[in-house]
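Engineer: structure of the sequence below:
(2 chains)
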Amino acid sequence: MAEAIKVPTMAEYMAEGKKPEVLFWVGCAGSFDDRAKKITKAFVKLLNEAGVDFAVLGTEESCTGDPAKRAGNEFTFQMQAAMNIEVLNGYEIEKVVTACPHCFNTIKNEYPSLGGNYQVMHHTQFLKSLLNEGRLKVEGGKFKGKRITFHDPCYLGRANGEYEAPRDLLKKLEVELIEMRKCKSNGLCCGAGGAQMFKEPEPGNKDVNIARTEQAMETKPEVIAAGCPFCNTMMTDGVKSKEKEDSVAVMDVAEMIANANDL
Amino acid sequence: MQIVAQIVFLIALVVGVSFFVRNIKRMLRNIKLGKNIDRSDNPSERWSKTLRIAFGQSKMVRKPVSGFLHVIVYLGFIIINIEVLEIIIDGLFGTHRVLSFMGGFYNALIGIFEVLALLVFIGVIIFWIRRNVLNIYRFLSRELKGWPKNDANYILYFEMVLMTLFLVMNAADYQLQLNGAPHYAHEGGIIGGFPISQFIAPLFEGVSNSTLIIIERAAWWLHILGILFFLNYLYYSKHLHILLAFPNVYFSKLKPKGEMDNLEAVKNEVALMMDPDADPFAAPAEGEEEGEPEKFGASDVMDLNQVQLLNSYTCTECGRCTAECPANQTGKKLSPRKIMMDTRDRLEEVGENINKSGKFEDDGKQLLDDYILREELWACTTCNACVEACPVGIDPLSIILDMRRYLVMEQSAAPNELAVSLTNIENNGAPWPYNQMDRLNWAEEN
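Structural biologist: Prediction:
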């Protein structure tokens, strides 16, 4: 696993006078959070495997402003948006893919009226299109027949109506997909959204991630599949607090595919 | 005697309707205290959403038991009200069952009304049991204690009484027709279908016609006066949804739920900040008044928009939002239903203030802190479960966000750890204190 992975930047593409097929928006979690970085790398491996001509912004990327906006700081959000849009438009970006539903929602829905118009895809949507085009092959492999439950990220599911792309990928892995009693449009939040990730919860009788983990545990899963780095953190913490980390894994759908393909 | 009854009826009708109209006008005035918001786009999509969700009750039936019962009461309400049309004509002109010229169709119609009335009666009893006997999470919340709980029960009692009066009126009428009483009996035989009330009629066998007429008239009068009273009760209760659900769904947000509006006032400020040619010391142009700087976010109802205020009048406090709220489920103070109830209560308080003084006199109160606590606002995960759950398209999240905006942008009152993250975003482009120059380090790490 020690081999270096190929991650070209937009600046490099620009220097060569080329344009990639898609920009991979890594996001703050994907760049800095140790757990999320693994998701980022798994996704990059899949992009390389499928021969996708992609680039990242690297040091020119900055927070989309999602947590600031949802915390109520519209100024910081719009400043971040203005800077990011300037960079993206400067590179004449047309298509963006990201493994973070918060970045996905913000760039797709909130950037257009500020001057940033791109085709934005969540990584599960993008991977699905790669499979449909035959550019990526998925073998059931090690997840075949395993009990898997999928936790819908609010900003992919309810916020943008995408429930099927991640499930379609899991079906390709031939898993036994078991839905939680609260799923899809009724899914329970992991507790991280709305900038909750960056503050202590208000007083209550339970943490939201514990409540959601309990719902996931009811399905007796071997893997809790996620599609968001923040959900991943929250569910991982939940599984740990139940002392089940040896028997229940929390994995991003992209990691599962990369893993099944021995990447 | 007959003419006196007609005049009394006319007076009751005029008083009832005009009082209702006065209150609706006040409600519209209160809604207009909110900011303008343009929801005139995509009329065809808005109509189809209204047909589906408001008329078609598509979101109600997501909870099958209460949804099914609600559909019965809703259909009963709409269809039985056709009968009110006849009651009004009969009342004004002293006729008896004026629409009966429709013959068999009329009989079938009255028959259907009776069956629906019975179903509504049963449905309402089950609703009462759900609310008062069964321990259903969303009916146990703090915010329902006192008036809201009584209000809900009064509405149920009212519907029970109205349905009973309707059936008793028909039963007495049927018996009078059987007895061949003048004014009631018709040459062509029995008019009206009485599939339910025929089982009540035997109670009236042997009762004199004059007593029966008193019973029939009493039920008729109480029924119509009850309806007029109920019409006026709406404005003082949670029950306005029977009217407002329709416009509320029509004006609800069509964009993806995750999309939150980009504040125009901030857009201007940011554009100015990003403009290298902007003069930071520029004085206002000659002859131009330096305007009051726009307030960011909402601390009171006047800062909210008109759709948000319409939302608050539409809310019928069913609590489906609160039952789905992750913060509420885990014992936090936040309840999206309470956000809507507080907004309406404060708006009504402001409205009363205007009724008294002609214009709003500062009462030293506001929506924030006096009604909605900061602790509630900060517990929200913006997950949109409340918005998804609402059967009539109410958006409590938009109010929470606008109030957070006030707290953060006008008061710099974000919780401490959150304020640190926001500063990180401003300084180094990530909510954590990592250098932006290290953003690609993951590619080299193993």
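Engineer: can you pull the pLDDT of the residue nearest to B:Tyr184 when sequence neighbours are not counted?
Structural biologist: Using CB to CB, 6 or more residues apart in numbering or on different chains and skipping residues adjacent in sequence, the residue nearest B:Tyr184 is B:Leu176, 4.0 Å away. Just so you know, the C-beta spots here come from the backbone N, C-alpha and C atoms, and that holds for glycine as well. Looking at B:Leu176, its pLDDT reads 87.
Engineer: tally of neighbours for B:Leu176?
Structural biologist: Burial of B:Leu176 is recorded as 23 neighbouring residues (other CB atoms under 10 Å in any protein chain shown).
Engineer: also A:Glu16?
Structural biologist: 8.
Engineer: ok, the one 5 residues further on next?
Structural biologist: For A:Glu21, the number of neighbouring residues by other CB under 10 Å comes to 13.
Engineer: now do A:Glu61, the pLDDT please.
Structural biologist: For A:Glu61, pLDDT reads 97.
Engineer: and it, how far from A:Phe198?
Structural biologist: In this view, A:Glu61 and A:Phe198 are 19 Å apart by CB to CB, to the nearest Å.
Engineer: neighbour count winner among those two?
Structural biologist: The residue with more neighbours, out of A:Glu61 and A:Phe198, is A:Glu61; 27 against 21, by other CB under 10 Å.
Engineer: show me the contacts for the more buried one.
Structural biologist: Going by CB atoms under 8 Å, 6 or more residues apart in numbering or on different chains, A:Glu61 touches A:Trp25, A:Val26, A:Gly27, A:Ser31, A:Asn84, A:Val87, B:Gly429, B:Arg439.
Engineer: narrow those residues to those that are buried.
Structural biologist: Listed as buried from these are A:Trp25, A:Val26, A:Gly27, A:Ser31, A:Asn84, B:Gly429, B:Arg439; burial here means 16 or more other CB atoms under 10 Å in any protein chain shown.
Engineer: any chance of JSON lines for the residues you listed, columns distance to B:Glu317, pLDDT and secondary structure?
Structural biologist: Formatted as JSON lines, these follow (distance: CB to CB, whole Å; pLDDT from 0 to 100; DSSP: H, G, I helix; E, B strand; the rest coil):
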{"residue": "A:Trp25", "distance to B:Glu317": "42", "pLDDT": "98", "secondary structure": "strand"}
{"residue": "A:Val26", "distance to B:Glu317": "44", "pLDDT": "97", "secondary structure": "coil"}
{"residue": "A:Gly27", "distance to B:Glu317": "39", "pLDDT": "96", "secondary structure": "helix"}
{"residue": "A:Ser31", "distance to B:Glu317": "45", "pLDDT": "96", "secondary structure": "helix"}
{"residue": "A:Asn84", "distance to B:Glu317": "42", "pLDDT": "97", "secondary structure": "helix"}
{"residue": "B:Gly429", "distance to B:Glu317": "43", "pLDDT": "95", "secondary structure": "coil"}
{"residue": "B:Arg439", "distance to B:Glu317": "48", "pLDDT": "95", "secondary structure": "coil"}
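Engineer: show the subsequent helix or strand relative to the strand or helix carrying B:Asn153.
Structural biologist: Assigned by DSSP states H and E, B:Asn153 belongs to helix B:147-179. Toward the C-terminal end, the helix or strand that comes next after helix B:147-179 (DSSP H and E) is helix B:209-233.
Engineer: how far off centre is that following helix?
Structural biologist: 28 Å (CA atoms, centre = their mean, to the nearest Å).
Engineer: after that helix, which helix or strand is next? Please name it.
Structural biologist: Next in line after helix B:209-233, if elements are assigned by DSSP H and E, sits helix B:241-250.
Engineer: picking that back up, and the helix holding B:Asn153, what's buried?
Structural biologist: Buried residues in helix B:147-179 (16+ other CB under 10 Å): B:148-149, B:151-152, B:155-156, B:158-159, B:162-177.
Engineer: tell me which element B:Val65 falls in.
Structural biologist: Using DSSP H and E, B:Val65 falls in helix B:64-93.
Engineer: could you tell me the angle between the following helix or strand past that helix and helix B:147-179?
Structural biologist: Using DSSP H and E, the helix or strand that follows helix B:64-93 in sequence is helix B:104-132. Interaxial angle, helix B:104-132 versus helix B:147-179 (axes from the mean of the first three to the mean of the last three CA atoms, to 10 degrees): 150 degrees.
Engineer: orientation of helix B:104-132 relative to helix B:64-93 in degrees?
Structural biologist: Using the same axes, to 10 degrees: helix B:104-132 against helix B:64-93 is 130 degrees.
Engineer: how about helix B:104-132: buried residues?
Structural biologist: Neighbour counts over helix B:104-132 (16+ other CB under 10 Å) mark B:106-107, B:109-114, B:116-121, B:123-124, B:126-128 as buried.
Engineer: show me what that helix is packed against.
Structural biologist: Counting contacts by 3 or more CB pairs under 8 Å, 6 or more residues apart in numbering or on different chains; DSSP states H and E, helix B:104-132 packs against helix B:64-93, helix B:147-179.
Engineer: confidence-wise, which of those is weakest overall?
Structural biologist: Among the helices and strands packed on helix B:104-132, helix B:64-93 carries the lowest mean pLDDT (a mean of 87).
Engineer: quick one: list the elements packing against that helix.
Structural biologist: Packed next to helix B:64-93, using 3+ CB pairs under 8 Å, 6+ apart, are helix B:2-31, helix B:104-132, helix B:147-179, helix B:209-233.
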